[in-house]
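K.L.:
how does the following fold in three dimensions:
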Amino acid sequence: MAGRSVPPELAALFDECAALGYWPGEDFRGAGMPGGSNGDVIAIRREGDSYIIWSEDNGRPHELLRTDDLISARELFLTKVGWHAGARGAGPYAGRNRLEEEGWTKLTLRERTIRAYREEGRPVPAYLLDDADDEPPAGGA
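P.N.:
Below is the predicted model:
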């Protein structure tokens, strides 16, 4: 495709997304690939040896992953794009509820907040923790 100025592995990922029925600029974007963005996509680029995945929400970027591992980057990118496309009824996640499948709906607001901090690798603020979070279950090992 004319206009590509990306590493071959990202061009292949772009083609894979399109083959899965995901819409360039609507569901996903590859930096250096032709086409723009509607401002609400999952995107990927390479800087040096690192792959960076981010989401755009109304055009505002939020970094999701920075890694030197193409396999990890590819897996997360395809998963995030899949869920994003699923919300509009396309791809393997169409009609499925990500929040239910990942167990988020069974958690309290406090538990969801703690989980989000931990999944992002950030320290949980002390005010969210209580003694029960730091102790093994009663009768446990």
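K.L.:
from here on, contacts and neighbour counts on C-alpha atoms
P.N.:
Will do.
K.L.:
what domains does the record give for the chain?
P.N.:
1-95, 97-134 (automatic domain parsing).
K.L.:
could I get those as TSV with mean pLDDT and mean neighbour count?
P.N.:
What follows is the domains of the chain, written out as TSV (pLDDT from 0 to 100; neighbours: other C-alpha atoms under 10 Å):
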stretch	mean pLDDT	mean neighbour count
domain 1-95	85	17
domain 97-134	82	11
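K.L.:
list the residues that contact the nearest residue to residue 87 once chain neighbours are set aside.
P.N.:
Nearest non-adjacent residue to residue 87, counting by C-alpha to C-alpha, 6 or more residues apart in numbering: residue 94, 6.4 Å away. Residues near residue 94 by C-alpha atoms under 8 Å, 6 or more residues apart in numbering: 83, 85, 86, 87, 88.
K.L.:
pretty sure the first one sits in a strand.
P.N.:
No: with DSSP: H, G, I helix; E, B strand; the rest coil as the criterion, residue 83 is located in helix rather than a strand.
K.L.:
correct me, but it touches residue 89?
P.N.:
No: Residue 83 sits out of contact with residue 89 when judged by C-alpha atoms under 8 Å, with a separation of 9.6 Å.
K.L.:
pull the residues that contact stretch 105-124.
P.N.:
For stretch 105-124, contacts defined as C-alpha under 8 Å, 6+ apart pick out 99, 100, 104, 128.
K.L.:
and the gap between residue 100 and residue 74?
P.N.:
Counting by C-alpha to C-alpha, to the nearest Å, the gap from residue 100 to residue 74 is 24 Å.
K.L.:
now do the strands in the protein.
P.N.:
Assigned by DSSP state E, the chain shows strands spanning 28-30, 42-47, 50-57, 60-67.
K.L.:
turn those into JSON lines, columns for distance to residue 117.
P.N.:
Listed next are the strands of the chain as JSON lines, based on distance: least, C-alpha to C-alpha, whole Å:
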{"stretch": "strand 28-30", "distance to residue 117": "25"}
{"stretch": "strand 42-47", "distance to residue 117": "21"}
{"stretch": "strand 50-57", "distance to residue 117": "17"}
{"stretch": "strand 60-67", "distance to residue 117": "13"}
